[in-house]
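S.K.: coords below, sequence missing:
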């Protein structure tokens, strides 16, 4: 499941890159919404993936401290609140918006043991690819970093502020709503997914922002416990703000219980010693009460619920692409079937198919050793595999006319190949006017780009096919000759027949470039020879030879159309290309695993 989510994340990142317009001034509302949807989908996917890693960590034998994560939008005082909880100035606070760009963890211990000096610890396992750096060495230009350090419990006044967070990591995090926040979302989401408790910090100015409620909905769907803190809030506004928060929460999350809400007043210069001791004690106590370690079973249940809740939003577009891909595949199959049917109708089932048996007979004439004709016929063998110009050259006859040297079948197959791709492009172009127009437009562009290569491979296969067909024709001629040898009277009669000599002259004329291949089939002398053979003792055998040749042609041409036109066009994919393409079978398999609870 983890790898599957990684591929979904990479696929959506590609979509996000593609969604960025070149002309931002002309960015429309639809594009803005699409961009927002992709970013939200990426966030939920990252939350899910890291929830799975937290589950793996929970099931491991590593000793993992409790995790308290402070999050919130821009300029609500997260770093200051982190220091209030710790009662130490450890998180660096600043009035500058977006000042904190790294997740910074402070593990409260009663004795410093330098647990995070090496890589054999729970944090290295969980944060994986992120770079761990000492807090003072964090580089604002390198956003894939985090810091985690031990801090000994050292409250300002042991009597007033007892240490309540022993063996707890308190995380200060970047804003989740700033323009730059998406750049450092990876470590932020990792910290959120790791939390045993979220301290959600807002202010009077920020609590109603859409991003705040979007994040609260995500936390609720992951079943993470939350304590809400309204920071920098004067006493006279608190009752009104509480009522407003309750109303908004009920409207946004009617199935969830309102989390505890605490207020912190303003104090000068962010000096924690100036904060109201009662408010801080109350915040510490409620936070400590809510901070409970979740069991592996509970983490599994919550993670599974989150996956199921968001599965549709992650996979709906993927399922739609699979549907479109199936629809496209049906168009390709229909095109291939129509092309094969046209070949059968216009060649195999028409008089044109007689061409091949006449070519076999032309080879038979060589074997019959017709007086005066055998030598030149054997010298220029094949009208199928050699161009007429080559044959003319080999016959030592000057070429007087340049003409189309393709036989009937080859001319038809060339035409069918062109028309097949043109019909497919036209069918796809019609789809562009529908609701899935952009997908079909991409598909048409891919077909157009691939057309030259497909046509080239198709032509090359036709060349090979006709070379192999000549072998079949030669075999047919040999088979006819061997059958005639068993009938000496018929053989000698043919050798003596004037019609045979006339037919040989026609073949020689064709092979010398004087006639087209179709004339070989239609010439009266060749028709007379065919009639002589078919009406004689060789008739039934001639039928079988003819059927065998046309059967071979039909099978081979169908195979070429499927292999060289349909198959490469099938492989075109309107989805993403490369390692991130997720097949319909993979999606179905992952969906079944999710339904079974196997995450």
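M.R.: That came in fine, so what should we check first? Everything quoted here is computed from the prediction, not taken from an experiment.

S.K.: Residue 233 in helix, strand or coil?
M.R.: coil (DSSP: H, G, I helix; E, B strand; the rest coil).

S.K.: mind checking how far it is from residue 467?
M.R.: Distance of residue 233 to residue 467, given as C-beta to C-beta, to the nearest Å: 87 Å. Glycine gets a C-beta too; all of them are placed from N, C-alpha and C.

S.K.: what do you get for residue 353?
M.R.: According to C-beta to C-beta, residue 353 stands 19 Å off from residue 467.

S.K.: quick one: which of the two has more around it?
M.R.: Neighbour count, other C-beta atoms under 10 Å: between residue 353 and residue 467, residue 353 has more, with 20 against 12.

S.K.: Excluding covalently adjacent residues, which one is nearest to the more buried one?
M.R.: residue 550 (5.3 Å; C-beta to C-beta, 6 or more residues apart in numbering).

S.K.: Low-confidence stretches in the stretch 151-300 of the chain?
M.R.: 154-163, 178-184, 269-270 (pLDDT under 70).

S.K.: My error: substitute the stretch 1-150 of the chain in the last question.
M.R.: 13-35, 93-99.

S.K.: thinking again about what came up before, and the residue nearest to residue 353, which of the three is it?
M.R.: Counting by three-state DSSP, the backbone at residue 550 sits in helix.

S.K.: That one: neighbouring residues, count only.
M.R.: By other C-beta under 10 Å, the residues close to residue 550 number 18.

S.K.: how close does it sit to residue 304?
M.R.: Distance of residue 550 to residue 304, computed by C-beta to C-beta: 61 Å.

S.K.: Kindly report the same for residue 236.
M.R.: 45 Å.

S.K.: quick one, which of these two is more surrounded?
M.R.: residue 304 (17 against 7).

S.K.: I figured that one hits residue 597, correct?
M.R.: Yes. Between residue 304 and residue 597 a contact is recorded at 5.8 Å, counting by C-beta atoms under 8 Å.

S.K.: Please identify the buried residues of the helix or strand where residue 588 lies?
M.R.: Residue 588 is part of helix 584-596 when elements are defined by DSSP states H and E. Of the residues in helix 584-596, 587, 590, 594 count as buried by neighbour count, 16 or more other C-beta atoms under 10 Å.

S.K.: Tell me how far the second one lies from residue 218.
M.R.: Looking back up the chat, that one is residue 590. 21 Å.

S.K.: and the residue nearest to residue 437 when sequence neighbours are not counted, what is it in contact with?
M.R.: What sits nearest to residue 437 in space, not counting adjacent residues and going by C-beta to C-beta, 6+ apart, is residue 431, at 7.4 Å. Shown in contact with residue 431 (C-beta atoms under 8 Å, 6 or more residues apart in numbering): 437, 440, 443.

S.K.: mind checking the SS state of residue 445?
M.R.: Of the three states, residue 445 takes helix under three-state DSSP.

S.K.: for residue 201, helix, strand, or coil?
M.R.: Under three-state DSSP, residue 201 falls in the strand class.

S.K.: Quick check: phi and psi at the nearest residue to it once chain neighbours are set aside.
M.R.: Using C-beta to C-beta, 6+ apart and skipping the chain neighbours, the partner closest in space to residue 201 is residue 72 (3.5 Å). As for residue 72, its main-chain torsions (degrees, to the nearest 10) stand at phi 170, psi 170.

S.K.: For burial, what's the neighbour tally of residue 72?
M.R.: Count around residue 72 with other C-beta under 10 Å applied: 27.

S.K.: List the residues that contact it.
M.R.: Contacts of residue 72 (C-beta under 8 Å, 6+ apart): 78, 175-176, 200-202, 206, 231.

S.K.: So which of the residues you listed is the closest to residue 148?
M.R.: Nearest to residue 148, judged by C-beta to C-beta, of those is residue 78 at 16.9 Å.

S.K.: I figured the closest one hits residue 85, correct?
M.R.: No. Counting by C-beta under 8 Å, residue 78 does not reach residue 85; the two are 10.7 Å apart.

S.K.: Spell out which residues are contacts of both of those two.
M.R.: Taking C-beta under 8 Å, 6+ apart as the criterion, residue 78 and residue 85 both touch residue 70.

S.K.: where exactly do the strands run in the stretch 451-599 of the chain?
M.R.: For the stretch 451-599 of the chain, no strands turn up when DSSP state E, counting those that start in this stretch is the criterion.

S.K.: quick one: low-confidence parts of the stretch 451-599 of the chain?
M.R.: Where the stretch 451-599 of the chain drops to pLDDT under 70, the residues are 489-539, 574-580.

S.K.: just so I have it, where are all the helices in it?
M.R.: Assigned by DSSP state H, counting those that start in this stretch, the stretch 451-599 of the chain shows helices spanning 488-496, 498-511, 517-522, 524-534, 539-561, 567-571, 584-596.

S.K.: which stretch of helix or strand covers residue 286?
M.R.: Residue 286 is part of helix 277-290 when elements are defined by DSSP H and E.

S.K.: which secondary structure elements does the helix or strand just after that helix contact?
M.R.: Using DSSP H and E, the helix or strand that directly follows helix 277-290 along the chain is helix 296-343. Packing partners of helix 296-343 (3 or more C-beta pairs under 8 Å, 6 or more residues apart in numbering; DSSP states H and E): helix 2-19, helix 29-59, helix 210-221, helix 408-431, helix 437-485, helix 539-561, helix 567-571, helix 584-596.
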